[in-house]
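>>> build me a structure from this.
(5 chains, ligands or ions: 4)
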Amino acid sequence: MSSDASIIVLSFQIALVATGVTLPVGMLIAWLLARKQFHGKFALDVFVSLPLALPPVVVGYALLWLVGTHSWFGSLGESVFGSTLAFTWIAAALAAAVVSLPLVVRSFTAALAGVDPRLEVAARGLGSGSFRTFFTITLPLAYRGVIAGALLGFVRALSEFGATIVVAGNIPGRTQTIPAAIFTRISAGDSDAAWRLTIVSILLGVMALATHNWLLKLSSTVSRDSSEVG
Amino acid sequence: MSSDASIIVLSFQIALVATGVTLPVGMLIAWLLARKQFHGKFALDVFVSLPLALPPVVVGYALLWLVGTHSWFGSLGESVFGSTLAFTWIAAALAAAVVSLPLVVRSFTAALAGVDPRLEVAARGLGSGSFRTFFTITLPLAYRGVIAGALLGFVRALSEFGATIVVAGNIPGRTQTIPAAIFTRISAGDSDAAWRLTIVSILLGVMALATHNWLLKLSSTVSRDSSEVG
Amino acid sequence: MISFDLRIDRRGFSFDVSGQFDEGVTAVFGPSGAGKTTLLNCLAGSMRPDSGSIEIDGENVYSSADGIWVRPEKRRIGTVYQDGALFPHLSVRRNIDFGWKLVPAEQRRLDPLEIVELLGLSDLLERMPSELSGGERQRVAIARALAISPRLFLLDEPLASLDVARKGSILNYLKRVHDEFKIPMVYVSHSVTEVVSIASHAMLIRDGSVLGFDRPSALLLTAALDGSSVERFENILHGVVGESTDQLTTIEIDRISISTRHQNKNPGEKVVVSLGANQIILAPSEPNQLSARNVLKGRVKEIWSSNGKVFAEVDVGPEIIVELTESALNELGISVRSDVFLIFKSSSVDVFDA
Amino acid sequence: MISFDLRIDRRGFSFDVSGQFDEGVTAVFGPSGAGKTTLLNCLAGSMRPDSGSIEIDGENVYSSADGIWVRPEKRRIGTVYQDGALFPHLSVRRNIDFGWKLVPAEQRRLDPLEIVELLGLSDLLERMPSELSGGERQRVAIARALAISPRLFLLDEPLASLDVARKGSILNYLKRVHDEFKIPMVYVSHSVTEVVSIASHAMLIRDGSVLGFDRPSALLLTAALDGSSVERFENILHGVVGESTDQLTTIEIDRISISTRHQNKNPGEKVVVSLGANQIILAPSEPNQLSARNVLKGRVKEIWSSNGKVFAEVDVGPEIIVELTESALNELGISVRSDVFLIFKSSSVDVFDA
Amino acid sequence: VSDNDENIPLIFAAASLSDVLEDSAELYENETEKRIEFSFGGSLTLANQITQLGAPADGVFLVGDTAISRISAADMLNGDGNGAVLFNQIALIGTNNSLPLESLTDLAGREGRIAIGNPELAPAGHYAKQAMMSAGVWNQLSDRLVLTSDVRSAMAAVTSGNVDFAFVYTSDVTSSQNNSFKQLTVIEDGYDQIFYTFAPISGAANHQAVTDFKSFLLSSKQAQDIFNAAGFQWNVLLTRITDTGGHH
Ligand SMILES: Nc1ncnc2c1ncn2[C@@H]1O[C@H](COP(=O)(O)OP(=O)(O)OP(=O)(O)O)[C@@H](O)[C@H]1O
Ligand SMILES: Nc1ncnc2c1ncn2[C@@H]1O[C@H](COP(=O)(O)OP(=O)(O)OP(=O)(O)O)[C@@H](O)[C@H]1O
Ligand SMILES: [Mg+2]
Ligand SMILES: [Mg+2]
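Ligands and ions are numbered 1, 2, ... in the order given. Next up is the predicted model:
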């Protein structure tokens, strides 16, 4: 059994990488969904949201197939990485990313759609291209939903279990994340060790939430309204 | 083996009941988090978000322990329902509710916090109490986030597996939801049957998403803006 | 009757305003950033002052000393916000209905349909606020606030982006509402002409303090002498409509009559007349052969001068204040108790419903 | 030079406006809901018309026929929106900086610091928009749009909630900016006095159509005769400052000179003078002994009458239009080519920087 | 959903048995009009639910030693008679183009990754590890091992082409009509006997009904065929005893 510390570090690494992927990808998709009209918009929406509708284990099997040698994507991955991605920490990060993406996209879309388009129009008129406008106006104004989405995504990635264990296995020191380790320990009847990691999970969750609230406060200069209606 | 139809109906029932609980509870908590200052606010936030940070299996064990005959809550439940809630569909709904609550609360909070308080002030001034103001002004203006949160919650409840199987078991006809049935069928090597239910899951997800988009459109008269900036 | 005493401290701005508004119309003037909106917000209950008290019709709705705070929805105060604050998710109709529905039927004194009609909103009822022009939005805000038949009506520059024709008709409507239902109004404006015809009192605020609170004419005089807060001094006179020809209408005021442009009014109707002090010419002897339709004889009662401006109060029956220059004063040899003639054009007189 | 031809169909409103604005200042008038904001939005590129074209300085920025659409950020048009549209998450400073930072240094012609100073915003730079009063917000919107040194400057009722003193100083600043940098301006307003002093052209819009497009004086005359769209007719005269006493300043216009209230100006400065047609009295013979400081001799060139109003154009050197009543006209026996005297007070004359 | 769930026995059973158990329960209901209910899951999870959290199981049908020992250790099993009911074996599978293997030693000579259930979690993995150790190849192979959560994921790792070999149960091979892998060899020995235990929980309300169902399985030819068809082998000893009536 590998040490708690290494499990925690691995979990953290996987969740961070997963979030590092979901945030930009999620933002792009959310922007498309919130601001653009195009054919296949609903299909994109469905595709991104699917992992939420499916039991994680099924997502895991689907990913296992995807990275397998039979698929185009799998053979591409194999030629890039030298071997299949399955059962590596990259697969774990992929699973975490896929599973948390719907949460991120949904939160981001709602947040972006809530921004008053007239402010974007005003920014465009001041010479700011659509790219810059997005980053200086839309995104900061959508900050609540964006931060909430990032939190949801990161925490979901940290606690991801079902899909990960299928596509990345449960290999101590290589792909065994905190949830997998907790599951293993519970199954092995080692409830003390399971408890330790559970408490770590809780602490990580609390830390993520505290960071979330801190970020919210940091950017909440937006609404320093003084209305105090009894 | 119980029929696909009965599994789907049961899953739906469980997810509906779970959502029926999470929506009002989540809204109340979100309102407290978005609009009120009180001691223990962060604690409430953490408590509600915990199920997101923990592997569902752990949540399941925690719930089983909670509704089990050993706990105060469990004995209360026992005296009300005549028997322990564990391994009943109510336990499954409870698990689904607990696991989806963080998604709902987080989306709702971001949505409510994004509503311009001056409009609430205006409504109060027109004679609308804080309760009515919430339902006629705040809630409709937060509709994007609210609908997104409800979708996330419902779909998460539909796909819930890890916590459910621990606290409610996997009893065909009584607590076996679609994810549990898929798991069982995969374990038994019946991949055709597993596939059938996976497709059902996907369809349910698509339906939920379509409903979500339809609700969005229905209430999007808010932003019939005609700005069409290149 | 509203009496209040309000204190607020913000960084860079301290607000300390007290006063009493009776059931008339009170105009609130003052430069940008003076604290006018702040005053209205406190009265409406949408902002809670740091300390002080507010009493409406004998009811204490706020008192920091006694810890009293009546919630805004219990105050029944109609507020027209400077930025409209329309509900973006409700149609014009539902914006206007919003408060009206909440008023017990027996307390409803204004008919929303009539309000809508008078504010020219009938064709816009099914529009969403985002589909309205700026002026249309302001009118909807007025209609929404009026629809609750308020005990007190607060207006924050409600006519700022309206054209003259609309301004006039809305002002007349507000005045009618006020007279018929005796709803006290507090009216924030930068435009003296806009308010003068309707207000019975005026308050001048600057930098969060009350500089003056008086009858509009008296306050305007102070402000006009001071020169920075108002455009000009307006004489406000109450009279009744006399006879009309195609082009002219006479208004009888006390013992005198004044020619105005033709008014669509019936003889005997009560009106308010506003006449700019800078639009009147003084002559020591009766002039003849002038296009000006009004020549009134009177006696100078008082002369003020300040900042190079001179105002003379002339008793012609009613008292009328005339703005003139020091050189004219000297040249014509006019002083207190001189007999003089006031000359002004019929088109210089604005007539409003009383 | 901007030429445009724009068509939009909305339910209940069809918009079809075309015209050419030169490098001067164009005032756009019209009742609420006329389509003024719509016009500005189309020019700025924040709204795309159904069809038509827009050409700015020879560059086609929009043409439905050729499928051309230059994105708003490429147009460098400064727009002051009716509702301000300030960025709520940025401080006043960063709102103003926003566009300025994006302008290549060599194209920056206006100094943000000076703009801020002149609009009286220096103390507010660190505030958030939610902490500003209504008038303060409008000034920030003006500053933000000016800061990009625009090729074309669009203002949608920018001074609606400002006090007179501020209005005057901002107008003068805008005019200076215009003169110095020759930035064409389009200025939407309901207030004739506000615009008359600054505009070289005026467009009157109603129900989405152009009713008139001409020099302001000519357009105002049409509008004043019509009676519904503007308060009154203003004579606009260009002159230079003559001598000043404590109370009075003379303005030399062509061959005549006019007395005005004391102006803080140096002799020789160019100014624009505005004089309400309804503030002038006509006399067939020279009057004596009047407080009015201005008596000008001239000859009637033309007389229009409409809706019970009569306007007479009198050549006193420049041509000045006088509003009078039919009865006065008849009584005094004035007709075209009569010699007459124009009488008006020094306080009836408004003076603006040219 | 029945209106008196209370009287229907609830058996906690290994998920791999779900198909066969549900079919036999149907058979049982047809013959006796008595219903049986199951809750399926991983054997260890089920054991934990029962022993640590008081899950209302009337009986268990679990695979392997660990799970049943936990229940026994909690004093929830009645004395004897709880021995193996079914047996299973380990098989090695490979991708379609793998060549058959004579023994595990050959495996060491082949390239490729090998999936097994995590030995701590999945009994199949535990047995596979034993087999490799006794074949003396554990040390050589352990670097190439991929630990999955259960035996089904190990199998999927092969069918998806992500690994080359996997250790699974023979019953898994039988029940999968999948032609994307090939059974390379059945491993006959070198590991503890793989057995399934079926026992009532002592003190459970319906433990007698569980015993009745167990007797039915052990005596019904039809029921036994269902299991045989799925690749399980009955404990002949037990079925013979049952045939002579009563196992006490
Ligand atoms: N939330 C706030 N925080 C700090 N200062 C504020 C806030 N809101 C308003 N102020 C300041 O308080 C002062 C009074 O504001 P108020 O809105 O009452 O002015 P006003 O008289 O209505 O002006 P205007 O005519 O421009 O609308 C201003 O100096 C303004 O900058
Ligand atoms: N999104 C929209 N959908 C439908 N009609 C609209 C929309 N926006 C504006 N209108 C209508 O178009 C007309 C012109 O509006 P516009 O805002 O240009 O008027 P305006 O001249 O600026 O008026 P104001 O002086 O009141 O601001 C109005 O009748 C308005 O109701
Ligand atoms: Mg204000
Ligand atoms: Mg407009």
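
>>> pLDDT below threshold where in the chain?
Picking chain A for this. By pLDDT under 70, the weakly predicted segments of chain A are A:1-2, A:219-230.

>>> hm, I was asking about chain E
E:1-6, E:79-82, E:175-179, E:239-248.

>>> going along the chain, name the helices of it.
Taking DSSP state H to define them, one finds helices in chain E at E:18-32, E:43-53, E:65-73, E:104-109, E:123-134, E:138-141, E:151-159, E:170-175, E:207-219, E:221-229, E:236-243.

>>> tell me which element C:Leu282 falls in.
C:Leu282 is part of strand C:281-283, with elements assigned from DSSP states H and E.

>>> for that strand, give the mean pLDDT please.
What strand C:281-283 shows for mean pLDDT is 88.

>>> helix or strand right after it?
Heading C-terminal from strand C:281-283 (DSSP H and E), you reach strand C:294-306.

>>> buried sites along whichever helix or strand comes after that next one?
The helix or strand immediately downstream of strand C:294-306 is strand C:309-315, counting by DSSP H and E. Along strand C:309-315, these residues count as buried under the neighbour rule (16 or more other CB atoms under 10 Å in any protein chain shown): C:309-314. From N, CA and C alone the C-beta is placed, and that goes for glycine too.

>>> export those to JSON lines and tack on pLDDT and distance to E:Ala57?
Below are these laid out as JSON lines (pLDDT from 0 to 100; distance: CB to CB, whole Å):
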{"residue": "C:Lys309", "pLDDT": "74", "distance to E:Ala57": "100"}
{"residue": "C:Val310", "pLDDT": "82", "distance to E:Ala57": "105"}
{"residue": "C:Phe311", "pLDDT": "85", "distance to E:Ala57": "101"}
{"residue": "C:Ala312", "pLDDT": "88", "distance to E:Ala57": "106"}
{"residue": "C:Glu313", "pLDDT": "88", "distance to E:Ala57": "103"}
{"residue": "C:Val314", "pLDDT": "91", "distance to E:Ala57": "107"}
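
>>> what distance do you get for C:Tyr62 to E:His207?
Distance, C:Tyr62 to E:His207, by CB to CB, to the nearest Å: 72 Å.

>>> again but with A:Ala91, I slipped
45 Å.

>>> looking at those two, which is more packed in?
For A:Ala91 versus E:His207, neighbours defined as other CB atoms under 10 Å in any protein chain shown are more numerous around A:Ala91 (27 against 18).

>>> can the helix or strand hosting that one be found next to chain B?
Taking DSSP H and E as the definition, A:Ala91 sits inside helix A:89-113. Yes: using CB under 8 Å from any CB of the partner chain, we find that helix A:89-113 touches chain B at A:102-103, A:106-107, A:109-111, A:113.

>>> who's in contact with residue 208?
Here I'm looking at chain A. A:Ala208 sits next to A:151, A:154-155, A:158, B:53 when contact means CB atoms under 8 Å, 6 or more residues apart in numbering or on different chains.

>>> oops, chain C please
C:8, C:13-17, C:34-35, C:38.

>>> how much space between the residue nearest the centre of chain A and B:Ala110?
Taking CA atoms, centre = their mean, the centroid of chain A lies closest to A:Gly153, which sits 3.3 Å from it. Per CB to CB, A:Gly153 is found 13 Å from B:Ala110.

>>> and the residue most central in space within chain E, what are its bridge partners?
Residue closest to the average C-alpha location in chain E (CA atoms, centre = their mean): E:Val63, at 4.2 Å. Beta bridges link E:Val63 to E:Tyr196 when assigned by DSSP bridges.

>>> so where do the helices sit in the chain?
Just going to use chain A. Assigned by DSSP H, the helices in chain A fall at A:4-35, A:41-53, A:56-67, A:72-81, A:89-113, A:117-125, A:130-133, A:139-141, A:143-159, A:162-167, A:178-187, A:191-218.

>>> sorry, should have said chain C
C:36-44, C:92-100, C:112-118, C:134-146, C:164-181, C:192-196, C:216-226, C:326-332.

>>> between those helices, which gets the lowest average pLDDT?
helix C:192-196 (a mean of 68).

>>> C:Ile334: how many residues sit nearby?
23.

>>> same thing with C:Val210?
17.

>>> give the contact list for it.
C:17-19, C:203-204 are the contacts of C:Val210 under CB under 8 Å, 6+ apart.

>>> can you tell me which of these is nearest chain D?
If you rank the contacts of C:Val210 by distance to chain D using CB to the nearest CB, C:Leu204 comes first, at 11.0 Å.

>>> tell me, how many residues neighbour C:Val177?
20.

>>> hang on, the earlier thing: got TSV for the helices of chain A, with distance to E:Thr32 too?
Shown next, in TSV, are the helices of chain A (distance: least, CB to CB, whole Å):
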stretch	distance to E:Thr32
helix A:4-35	50
helix A:41-53	40
helix A:56-67	35
helix A:72-81	51
helix A:89-113	45
helix A:117-125	69
helix A:130-133	73
helix A:139-141	67
helix A:143-159	45
helix A:162-167	38
helix A:178-187	35
helix A:191-218	40
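
>>> just say which of the ones you listed is most tucked in.
helix A:162-167 (a mean of 30; mean count of other CB atoms under 10 Å in any protein chain shown).

>>> report all helices and strands that that helix contacts.
helix A:56-67, helix A:89-113, helix A:178-187, helix E:151-159 (3 or more CB pairs under 8 Å, 6 or more residues apart in numbering or on different chains; DSSP states H and E).
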